Structures are given as C-alpha cells and as structure tokens.
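> I would like the atomic coordinates for the input below:
(chains A and B)
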Protein chains: 2
Amino acid sequence: MGKNIESNLANTPHFNPLNPQEFRKQAHEMVDFIADYYQNIESYPVLSQVQPGYLRANLPQNAPSLPESLETSLEDVKNQIIPGMTHWLSPNFFAFFPSTVSTAGFLGEMLCTCFNSVGFNWIASPAATELEMLVIDWLADMLKLPKSFMFQGTGGGVIQNTTSEAILVTLIAARDKALDVDGSGNLNKLVVYASDQTHSTFAKACKMVGISPRNIRLIPTTIDAGFSLSPIQLKAAVEADMENGDHFHHDVDPIKLLAGVAKEHGMWVHVDAANAGSACICPEFRHHLNGVELVDSLSLSPHKWLLSGLDCCCLWVKNPTALVKALSTNPEYLRNKQSESDSVVDFKDWQVGTGRRFKSLRLWLIFRTYGVVNLQDHIRSDVGMAKIFEDFVRSDPRFEIVVPREFGLVCFRLNPDETFGSDYTELSNQKLLDWVNSTGRVYMTHTKVGGIYVLRFAVGATLTGDNHVVAAWKLIKEGADALLKTV
Amino acid sequence: MGKNIESNLANTPHFNPLNPQEFRKQAHEMVDFIADYYQNIESYPVLSQVQPGYLRANLPQNAPSLPESLETSLEDVKNQIIPGMTHWLSPNFFAFFPSTVSTAGFLGEMLCTCFNSVGFNWIASPAATELEMLVIDWLADMLKLPKSFMFQGTGGGVIQNTTSEAILVTLIAARDKALDVDGSGNLNKLVVYASDQTHSTFAKACKMVGISPRNIRLIPTTIDAGFSLSPIQLKAAVEADMENGDHFHHDVDPIKLLAGVAKEHGMWVHVDAANAGSACICPEFRHHLNGVELVDSLSLSPHKWLLSGLDCCCLWVKNPTALVKALSTNPEYLRNKQSESDSVVDFKDWQVGTGRRFKSLRLWLIFRTYGVVNLQDHIRSDVGMAKIFEDFVRSDPRFEIVVPREFGLVCFRLNPDETFGSDYTELSNQKLLDWVNSTGRVYMTHTKVGGIYVLRFAVGATLTGDNHVVAAWKLIKEGADALLKTV
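Numbers count the residues shown, from 1 in each chain, chains lettered A, B, ... in the order given. Sure, this is the predicted structure:
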C-alpha cells in the first residue's frame, strides 16, 4: 500500500509562500522602499495629524479572497499608513524616549526573522541560546558588571521583550523566594518599595502577580533631592512595616545606600536602568551603577539607547536558580538529554513565554560592526546635544530647567509670570506644547514631577543631529513669542 | 548666549548608525545572504549536532573595541552560528510544531523594524493601532467569529507575543473579574479547570498570577475519548468545588458542551486554539469552533499556521473592559487628549508590556498578498501531507497510530512485539527517534499521551513538500529495519 501511495502522489505545484527567487526579488524591493523612507523621513509630520478611525475608512473592510500585488500594498503603506504614523525615527522626534535603531540592528533582525528559530530550550536551537549567553556577557563586561551577574561567573542574563516583562519575571522570582511559595497565603503580607518616580509598569506588574495595591509603598521624593529616593525614608518605611512582621521585595534607583538598607532586611533588590543604564558603557557615567554588586537583579533596554530597535530588554540576575524555580516548566514534549543533564540553559525558564526569537543576533551585529568605541561616541553625542538644548533653555529668561539634566532628557518649562499662579503656568505650557506639536515639525511630550507640569525634550533619536536640536529650539521660541504676545 | 552656542556648533561628522546609503547597500547584501540560505537549507543537518558550549569556544570573549566589517560577522554566521542551529525552516523539520513563515511575513517584519514605532497608545502611532484593529477584525471574519469578538461589533482583539502571554493576561482579567479584586485575599479560593492535555504554560501562568497549584484542576482525559475533555467530568469537578463556595476560571478545548457547564457557574471560559484554530479559516474545519459564541476569549497564533513567523498570537475578548481594567496604567507622561476622550484604543492596556511593535504589518501583507484562498490552500496542503504520512504508518504493520490524527500532527509509534512489555516498546521508540534525529536528515520529537510514549510527526514547515514526507517515512522505515534486525 505504501508504494501505491508514493507513486500516486500528486506532483501539482501548490502555493509556495517562501519561494527563494520571489523572496529575493521582493525583499530587494522592500530594502529600496525602506531606504527611501529613511531618506525622506524629514518630509513627514513627525506627530501624525490624523483623526481617530481614519484608517478603517480608507482600507477594505475584509481580507481579499484572491491575492493582490505587493505594489498595491506598498501604495497603501505610502498613502494610508505613513500619513497615520508618528515617526519615531524622525530626527525631530523628542517625545517619550528615543527608541534607537541602526543598520546593524536591522540586519540582525533580518537574520532573526530569516532563521525563525523558536529557541525555547537549548536543543531547539543551540546557537540561539549560546549566542545570547555570549552577548549578554559581552554587555555585562561593557558595563563593568561584576562576574556575579555573568554566565562566565556565577550569574547570568537573558533578553526579555520589554522592561515590563523583566520587572514582572523578577517580581515573580522575588515573590516566590520570599514566600518559598506553595500557596500558603502569605502573598497578602508581601510589601514592595519603590520611589514615586518609578515607572507605572512597576505597579502594574505588582498587580499582575497578585500583590495588593495596599502593599506597594511608593516613597515620596522631592524636587530638592532631584527626585531621587532617600535611604532614610526607605529605612523608615521598611521599619514601620517590619513591626507588623511583613516580608519584602524592593525596587530602587540610586543604588549603594539603598541596597544597604534593603539587604539588612533580606529584600530582593532590583535596579531598573532601562534607559540611562546604557550610558554606563562610558567610564564617565559608570558611577551611576556603583553599588550594583549589592543588588539581586538589573534590567536595561538596548532598544532605548543601544541601537537595537524594539523590543530588547536585558535582564541580569545573580541567582538564576530563583528565576528558573519560579518559571520553569517540564512538559514531556520538550524533554531532551541535554536539558535533563543540566548541562545547558533553557531560556523558556527565564521568561513568561515558551517560544522566543533569536534576538541576540541584533546585539551581536551591533557590538561587532560598531565596536564599543562607536557606541560610546553615540551616547556622548546624545548627551552633548541635550546639553546644547539645556544651554538654550538657560539662555532664555522666559524658560527654566525644572529638573537637573542627566543624560539625554531635559525637563523644562515656560515660566512667564509667577504672579498669575501655577494653573496659569501649566496652561501656558500646555498651549505651547500643543502649538509646537501641531506644526508637525517637532514632537515633544510632557510629564509632571512633584506636581509640576513640565515639557520633556528627550534627545537621542538615531538620526537627530545638532541642527535638529537648534531648529527645535527655534520653533519652541517662536511658539513662546506668539503665546506671550497674545496673552 | 543662544546665538553664540548656535554659531559654535561643531559640524564634525560623527558616527551615524543609520546612514541611508550604507543601509541600502548592506540590507541588499543581507537579502542575498538570506535568499542563499533558503536555497541551500536542505544541505544543513536539520537537528544541530553540536555539543553544549561549542559557540563560546569559537567566538571572541568580549565585544571588540573597534568596529569590524559586516563581512567578518557574516562569515561567523556561516561558519559558527549556522552549524549550531536547529533549522526550523528546513523542509525536513517535523519536530515540536511547525512555525510557519512567508515572504509576505518577512516583508511585513522588515516594515515593522523600519518604522520602529512604539505603539503603546494611539497617539504614539495611530496607524499602528488602527491597522492592528483592522486586521484582527479581518482574521475574526475569516474565522467566522461572532461580532461579539470584533471591534466592528462589541468586542475586540490584540496581538500578543505568544500564547503564554495571551493566557497570562486573560487569566489576570478573569481573576480580577472574579474577585473584583482589591487585595481582599480571596485569591486563595480561586479555582481553574483545564484538561490534563493542556499546555504546561497554563499551569505556569496560574502560578505567575498567584493562583495556588492546589487550585488547578487538571481533568483527566483518556485515549478512548481521543484525549478530549469530558463535560461530565468537568461538571463533577466544578460541583465538588462549588460545595466549598469557590470562584472559578476556566480553560477548555472542545467547546460547546463545556462552555455550557462553565457558564452555569459564571466562569470565564478561554479557548486556546494556538495551532489548530488557524485551520478554521477553511469551511470544512470551522466546526471545531462551534460554540465559540459562548466563550469569553479565544487565542490563536498565526506564527504557528498562518505564515507570520514568530512571534504573533492573536487574542480576542468579548469584554475588553475587563482586560483594560486589569491591565491599564495612566502615567502622566502618556496622557493625551485622544486617550482621555475615550475615542481610541490604547493597546498598552491590553498586554503585559508598555512598548509594542507594529506587528500587524505582517498579517496585513500576508492577508493581502496571498488572499484567503491561498491561505486555505496552504492549510489543506499540510493536512493532506499529514494524511499521506498517516497512511504510510497504517500500511506498515510494525507501526501504529496512537491518537486519531487531526490536522497536521501524526502521533504514532513502533509496536514491535507487545509480549516484551511497554518498557521495551518505549525504549525501542526512543532508540528509533535517536537514530532518525542523529542522521540530521529529519528532526522529529516525542511526547507521552495517557502514559504512552509516542513519536510526533508534525507536518507543515513552510518549505515541506510531499517528497520530504516520503523521504522522512523511508528514513523511519530504514531505522525500524535496522533496529528490529539488531534485536
């Protein structure tokens, strides 16, 4: 019967979605399309000016039954999609945070997509696991992390998608370590500490893992202390909780003194250095990580300042066993000799998901084809541009710097006349921001620090040069002129 | 002072990691590298034959200080990385599950990487949010989901990275809905139900969100019932718990009757159709989703069977409010008029992370440039190949089909002589599997169902054709011949 079936096999050609010739042709077309986009990027409004619902009104309501040409789709990208984009890669993008990219990161991503290896465990793609172990040690070395965070030492690291996931898995490991959890119910007694400047994702992660919002202590910070967390206040908060016999987890920003307080009480200390951490590859910024040898875990996102593009967050832990204990699975269909002999790392046990992409290729190409020297240059250049902008602000008495600048972010505001009160100041700044953004020539955002509404000028989009910073400042001044004239 | 600074700006060229000319040149090189890889893919052993630690021994121990050429890195990809890869795209890959890819998916990913838009909320990239809303409705329509799961109706969907994340966020929404949680401590009373065939990621997700392993009810299934979950057993388990006054969450496989039982008790019902769900775009398979109108949420991974490449899992919910309530954040720096007016979707509130990529571009290009007809053809072709393999197995009396085949997975085993006992049978199959995989010509894996060790032949890697299935079967027979001769 086998033979019959074999000889009867229909040899009719069927739909082949990965014909190498077609791939080659169309991928070359796409490269040119993208290179053209980069060349023309300044011609688009950086903040999209479309209205909610614009896209559905302009595209078909259902998937087509029959295939359409690639060209038709690319026309829609040009005419429908690009006009609705906020261009994060525009050199005039100063909003939120810069999410940096690079040719090397792009090429690494192409290779990652090419192989499409699903590296949940070692055997599923040894090279994917081993390259990740290598480059995460490389980056640890660039940051001068102690060996206790390196595979070459006693720890290790892993690429997560985003900071939120890095914090989530760390919280789970810390939670389970604190409880030695088996559902004993002590979850209600766990308390976490962070500065009130901590990213909202921290509170979200706490909620996700079942830590009650009642048990999150956001220690207040002040403008006078540059919004850094005070070890004295932390100690006081912890000791108040200790009287009630609670357990602790902890998340901090400036490190050494805080870690001291936390360690006294056996807490897990995590440092989220998502953005600024990357700067520590430069010797002159490395002191920001002083004390890191005292903490349990550290996360940093190369998709912010190390040119990798989204999404790539590195998490290092001193005690991988705690992470693996909290996150491991051992289904029969993934069992294999290498995993059972404990001679390999299975990264599925270091993250939320099972499947994972071969993202280390991006970092590997970035580190190799740019070298540490160029990456340092890139950090310094961004900081230099932020300084230029800061000096512009300081040179104009109508403006003030609200928070001392560190790295690439300048928090400033228009301060026209204090006698009109703080509501008036806030309104003026809102108006200025709206005006600037409505031009489509620059995109900035705002935040509040210590109750003060400030404008954020975040320097560092990959294509931004000094000339863009100069032009942005001119535009802001123009807005202020118009605004203060009307008033 | 402003003027001084402006005129003094150094105009020296600095490191530019996204020079469009260099990008164009190098990306074209990479396209050719990748197209060559696809053309030569059958020349590589599908399962890598390297030993743990092989890569570190062959690459530099630190990142270089100075840049190296792209060519040097590509040489290392060829000589060091590719030999250590398990080639998921090989047409001879029948292990785990097929993770399908396509030229259109690749091109969509290139565009996604190109824009690098960080679409946490609508304003950060309107097109990214709106295209995702559109294509997820398109896919819902292809699957004939009721309007209650569509943005065009009363529900909606979102692209998650993986099934694990889809299950995690759904569990959190269900948990918070059940508890109307504020840390009241009832978490210990929550119970979840699933079949014992459920993916291990489900138990992991429960643990992550703080549900005690004691409260996970894995309802036993049997080989006679084709390992499907019995509504009668589910009802019995639920009612036993009800006597103790517990709350419930639920996760099921076959739908209609089960949903009936669950709904009686107000449980959240989630259907994880990660792989097979995609087949429901074909009318002849759609009945597998019968009853879906009764459930609360559904997940399905186009990175498995809809050619998108990793990672792309679609999650639909009937009640987006429950998801958003559980996962929303509202930090000042992300506040904007459109979000506050509630006229837009902010996808950060539908997922774990804040940042997110513009992944819908992949699905959009796949749907448009292939059309529904070709996607159906592709599903049918894979199922057809699995049938061919199944017939081969049935035609050889030394083998047996252990689980009735559905879709593209054939679970079979060598059953040489039952008189030697089940341990002997298991060992024989292990030996056969090891032998087949050691050739590098085919890669299969195993699992256990109802305690029985079975070989899994998962058909559907994008490049697999009938000839590869025929060759794989010949190799397996060859292995069986040798094994049974030695015995």
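
> CA atoms for contacts and neighbours, from now on please.
Will do.

> ok, now how distant is A:P83 from chain B?
Counting by CA to the nearest CA, to the nearest Å, the separation of A:P83 from chain B is 8 Å.

> How about the contacts made by the residue lying closest to that residue once chain neighbours are set aside?
In space, and not counting its chain neighbours, A:P83 is closest to A:S48: 6.5 Å by CA to CA, 6 or more residues apart in numbering or on different chains. By CA atoms under 8 Å, 6 or more residues apart in numbering or on different chains, A:S48 lies in contact with A:P83, A:G84, A:M85, A:T86, A:H87, A:G440, B:I123, B:S125, B:P126.

> Look up phi and psi at the third one.
Its backbone dihedrals place A:M85 at phi -100, psi 150, with angles given as degrees, to the nearest 10.

> got a pLDDT number for it?
On the pLDDT scale, A:M85 is placed at 96.

> Look at it and say how many residues are nearby.
The local packing of A:M85 (other CA atoms under 10 Å in any protein chain shown) involves 26 other residues.

> Repeat that for the last one.
Burial of B:P126, expressed as a neighbour count using other CA under 10 Å, amounts to 30.

> surely it meets A:P83?
No. In this structure B:P126 lies outside contact range of A:P83 using CA atoms under 8 Å: 9.3 Å.

> what residues do these two have in common as contacts?
Both B:P126 and A:P83 are in contact with A:S48, A:V50, where contact means CA under 8 Å, 6+ apart.

> re earlier: pretty sure the residue nearest to A:P83 sits in a strand.
No. Counting by DSSP: H, G, I helix; E, B strand; the rest coil, A:S48 is not found in a strand; it is coil.

> Tell me the secondary structure at A:F389.
Strictly by three-state DSSP, A:F389 counts as helix.

> Checking my notes, A:A194 in a helix, right?
No. With three-state DSSP as the criterion, A:A194 is assigned strand and is not in a helix.

> Run through the helices of the stretch 51-200 of chain A in chain order.
Along the stretch 51-200 of chain A, counting by DSSP state H, counting those that start in this stretch, helices occupy A:70-76, A:103-115, A:126-142, A:163-179, A:200-208.

> Also the stretch 351-487 of chain A?
Remark: helices assigned in the stretch 351-487 of chain A by DSSP H, counting those that start in this stretch are A:360-395, A:422-438, A:466-486.

> Run a quick check on A:I223 versus A:G450, I expect a contact.
Yes. The criterion here is CA under 8 Å, and A:I223 meets it with A:G450 at 6.4 Å.

> Got phi/psi on A:D346?
When read as degrees, to the nearest 10, the backbone of A:D346 gives phi -110, psi 100.

> about what we covered before: could you save the helices of the stretch 351-487 of chain A as JSON lines and add columns showing mean pLDDT?
Formatted as JSON lines, the helices of the stretch 351-487 of chain A follow (pLDDT from 0 to 100):
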{"stretch": "helix A:360-395", "mean pLDDT": "97"}
{"stretch": "helix A:422-438", "mean pLDDT": "93"}
{"stretch": "helix A:466-486", "mean pLDDT": "94"}
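
> so of those helices, which one's packed in deepest?
Scoring the helices of the stretch 351-487 of chain A by mean neighbour count under mean count of other CA atoms under 10 Å in any protein chain shown gives helix A:360-395 as the most buried, with a mean of 22.

> Spell out whether it and chain B are in contact.
Yes. Judged by CA under 8 Å from any CA of the partner chain, helix A:360-395 and chain B are in contact via A:365, A:367-374, A:377-378, A:388, A:391-392, A:395.
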